[in-house]
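1. mind looking at a prediction? Sequence and model below.
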Amino acid sequence: MTDRNVSSTRTVVDRYFAFASSAAPESIAELFSEAVDFDIPGDVASVPWLGRREGRAGVAAFIAEIRRGTRSDTFEIDRIVVDGDTAVVLGRFRTWAVATNKLMDSDFALIFTVGDSLITRFRLLEDSYAVSRALHVAPHA
């Protein structure tokens, strides 16, 4: 591991967060490799933005989908740890599900791998059960 790798990785991750809330999905997707390994594990049948995505078009589609389906309340980063080409971002979010107006409240870990100044691997780990439940209206008894 070199200081240069750590610096480059941190720069790319910082750029991602600078763009994430306001840039066009296609602009954010330019931070990713076309061959990115992108996955957000969870109940893909119930939550449309979860699952694997392919290429920059898949990343842009994810961003557009999550923006349509959620309304952010808070997003807090507690810590960013960088080791060579990998960064782990720990934090917490509170987000409203647009369809149900239910709150999703979860700790998260984002894992980035960076190569040639692009994100080559992306994982979001969250309480996907709580996210899935927030998107569904309980049937009336």
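-> That came through, no problem.

2. in the protein, which spans are helices?
-> For the chain, the helices defined by DSSP state H cover 3-20, 25-29, 55-69, 128-134.

3. could you dump those helices to CSV with mean pLDDT?
-> Shown next, in CSV, are these (pLDDT from 0 to 100):
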stretch, mean pLDDT
helix 3-20, 87
helix 25-29, 96
helix 55-69, 95
helix 128-134, 87
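
4. and the ones you listed: which comes nearest Ala35?
-> helix 55-69 (7.4 Å; C-beta to C-beta). Every C-beta, even on glycine, is put in place using the N, C-alpha and C of the backbone.

5. beta partners of the spatially most central residue of the chain?
-> Residue closest to the average C-alpha location in the chain (C-alpha atoms, centre = their mean): Leu124, at 5.3 Å. Beta-bridge pairing for Leu124 (DSSP bridges): Leu110.

6. list the contacts of it.
-> Residues counted as contacts of Leu124 (C-beta atoms under 8 Å, 6 or more residues apart in numbering) are 40, 108-110.

7. want to throw these into CSV with distance to Gly51 and pLDDT?
-> Formatted as CSV, the contacts of Leu124 follow (distance: C-beta to C-beta, whole Å; pLDDT from 0 to 100):
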residue, distance to Gly51, pLDDT
Ile40, 7, 96
Phe108, 16, 97
Ala109, 17, 98
Leu110, 16, 98
